[in-house]
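Engineer: pasting the sequence and the predicted model now:
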Amino acid sequence: MAFHLRACSATFTILLLVAGCTNPESLCPPKNIGMWSAEGETEVYIGDDLFVYINGGAEIYHEYGFVQVAVQRYRRGDDNVSVEIYTMEGDAFGIYSFARSSRGHAVKLGDGATAAGYYMHFWSGPELAVITAENEFEDPGEAVSEIATAVAGCLQSGGVEPGLLDQLPIEGRVTGSEVYFSGRLAFMNVARPAAPLFAGFEEGAAAHYESGEHIVVLRWKDEAAAVQALQEARQLCVASGGSVVETEDGGIAEFESGSHRISASGSENQITLREQREES
Amino acid sequence: MSDREPNDGITRRDFVATGAAAGTLLATGVGFGEQSQWPAPDLVVAHGPDVAKNTAAVIEAHGGIGAFVRPGQIVNILPNAQGSHPGTSTDPVLVKTVVDLCKKAGAKEVRWLTWQSGKYFERSNIAQLVKGSGAKFIQVDSDDESQWNNFEVPSGVALENIRVFKIIDECDVFINMPIIKDHIGSRFTGSLKNYMGASHPTDNRLFHPTFEGEDLLRMEQCIADLNTVVRKPDLIIADAMTILTSKGPFGPGDIAKPNKVIAGVDRVALDSYGATLLGLEGSEVTMILNAHQLGLGEIDLRKVKIQEMEVG
């Protein structure tokens, strides 16, 4: 599409697709894993009951299509580890990419895993597993890995990463920094300065780059919707006290917010945002 | 409908400033109710490896527990019991230390307030945390309207009404006991947001923007608005020993160990200080900025008298 962009300086029925392996009456999560024994029964929270399990922060799971979570705790002497298996409406890559540690390292498990010391996230098809050492003990990473491996053995892998990730440039991309989202709460966390300006997108993907740049790709249902979204972003920018300047190259809009500088470029039904945090 | 006056923001800072001008740093131990002559620092921060010692130290620096609790009084406490992931809940040792000190001062009763369900508290270490605290556990029934005040929020920007459990006002002393940590919605949670533990859970859900076109920063404004009508804290004791610095408030996420306990009365100042532990300035957290703009406290730490101490 031919975006005529401008520069702006601103100050400014729950579907119960319950996988058999997460049924509390089944063997996943397993009752015993090596020296670890399940403590109590598996708790299952469905739909809005997630607010009973998570007091604050449950909204993000709903935004990603939460169906249910099964929670099991394990004990080995005084050591405690929890296993949470979240079942989503579709493949769980999105919530996995949001929830995993940005400082962790990739592990071969399920359809993708990130380990970060005392905890690990992995996804398998529609399920996200979160394994957490809940108290301090020697080598929690090894314990988490042992339990995660056992849990992965009872989940079915074969999920597919969203195609929009392919729109993120590969060169210089920080491995494991990719986040996929379709809701505004996640967007606000991924790109807070830009999030209030852009609405109505169907999905988005973001990643950090070795250059310090942060790139976000947003996709709308069609080109007209993307053009309109950009116009609305410009209006919001002006409404918040910013100035609008026509650009000559026909493809870049710049937003300044605090220590952030964001440029936007459009192509068909997508807008790509590039954010460079200025060194203070 | 309650006829209670809206929270009129900070008043204590004025006399603290007076105290500072007089060159007095440490509290003199005057009783609660006479605080207008009390030249304590705005914030006391104790740093050390022992949470119990840190907690006792910050209270002592505020004049000792006797400055807040007198014999026969009822004390309400509001800890954050988020879950069992590390860095998400107020340290149980901190809670127990405060409860023990209140009882030692002669408190008739120390009550842990919550609207969370029994099922929530039966879970794992949260139940142990409650039982071990020595506090009387009060669960407010969210379905029983008689247990809730429906406040108008006259100075609210986003909120017009909010339900807050009545029992928070039915005490002589109220101590807010948050944990400092990250929050995916507001970037930060501390004393201001901990009041969502006293407002009705159904109302709380409406804080979050869920529809296209809604203000993404609505939650931050709602929290600031809520703080204009809830009972002001007589003391805030915030846990910053082991804190979640990402993926909050529930985690798991990155963990930092500032090994600090922070105490004060000014919610905005305390949160502004707490935000620095996450690498943020108070003004970068919309919720704190909004609360400051509503007159609830001082956001500029240069204007806040902070006493930092090392505790061995």
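Structural biologist: Looks like it came in fine.

Engineer: quick one: name whatever helix or strand follows the helix or strand of chain B with the lowest mean pLDDT.
Structural biologist: Across the helices and strands of chain B, mean pLDDT, DSSP states H and E gives its lowest value to helix B:12-21, namely a mean of 30. Of the helices and strands lying after helix B:12-21 in sequence (DSSP states H and E), the nearest is strand B:43-47.

Engineer: tell me the buried residues in the helix or strand following that next one?
Structural biologist: Sequence order places helix B:51-61 as the next helix or strand after strand B:43-47, per DSSP H and E. Of all the residues in helix B:51-61, those buried under the rule 16 or more other Cβ atoms under 10 Å in any protein chain shown are B:51-52, B:54-61. For glycine as for every other residue, the C-beta is placed from the backbone atoms N, C-alpha and C.

Engineer: same check, this time on stretch A:196-213
Structural biologist: Buried residues in stretch A:196-213, counted by 16+ other Cβ under 10 Å: A:196-199, A:201, A:203-209, A:213.

Engineer: so which of those residues also contact chain B?
Structural biologist: A:196, A:199 (Cβ under 8 Å from any Cβ of the partner chain).

Engineer: next, format the buried residues of stretch A:196-213 as TSV and append distance to residue B:104.
Structural biologist: TSV is the format used below for the buried residues of stretch A:196-213 (distance: Cβ to Cβ, whole Å):
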residue	distance to residue B:104
A:196	50
A:197	55
A:198	56
A:199	55
A:201	58
A:203	58
A:204	55
A:205	57
A:206	53
A:207	55
A:208	51
A:209	57
A:213	57
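
Engineer: what two of the buried residues of stretch A:196-213 are the furthest from one another?
Structural biologist: A:199 and A:209 (25.3 Å; Cβ to Cβ).

Engineer: quick revisit: what's the closest of the buried residues of stretch A:196-213 to residue B:281?
Structural biologist: Nearest member of those to residue B:281, counting by Cβ to Cβ, is residue A:196, at 19.4 Å.

Engineer: tell me the predicted confidence for the closest one.
Structural biologist: With respect to pLDDT, residue A:196 scores 81.

Engineer: for it, helix, strand, or coil?
Structural biologist: helix (DSSP: H, G, I helix; E, B strand; the rest coil).

Engineer: tell me if I'm right that it and residue A:239 touch.
Structural biologist: No - assessed by Cβ atoms under 8 Å, residue A:196 is found out of contact with residue A:239, at 10.8 Å.

Engineer: ok, residue A:33 - contacts?
Structural biologist: Counting by Cβ atoms under 8 Å, 6 or more residues apart in numbering or on different chains, residue A:33 makes contact with A:74, A:146-147, A:150.

Engineer: closest one to residue A:64 out of those residues, please.
Structural biologist: residue A:147 (23.6 Å).

Engineer: what does that closest one show for phi and psi?
Structural biologist: For residue A:147, the backbone dihedrals are phi -70, psi -40 (criterion: degrees, to the nearest 10).

Engineer: and what of residue A:208?
Structural biologist: Dihedral pair for residue A:208: phi -100, psi 150, per degrees, to the nearest 10.

Engineer: same deal with residue A:103?
Structural biologist: Phi and psi for residue A:103, reported as degrees, to the nearest 10, are phi -110, psi 10.

Engineer: so it touches residue B:255, yeah?
Structural biologist: No - taking contacts as Cβ under 8 Å, residue A:103 lies outside contact range of residue B:255: 10.6 Å.

Engineer: compare the two (neighbour count), which wins?
Structural biologist: residue B:255 (20 against 12; other Cβ atoms under 10 Å in any protein chain shown).

Engineer: how close does the more buried one sit to residue A:193?
Structural biologist: According to Cβ to Cβ, to the nearest Å, residue B:255 and residue A:193 sit 26 Å apart.

Engineer: show me the helices in chain A, by range?
Structural biologist: A:50-53, A:58-63, A:93-99, A:140-152, A:184-190, A:223-239 (DSSP state H).

Engineer: can you check chain B too?
Structural biologist: All helices of chain B, identified by DSSP H, fall at B:12-21, B:51-61, B:92-104, B:118-122, B:124-133, B:191-194, B:201-205, B:218-226, B:267-276, B:286-293.
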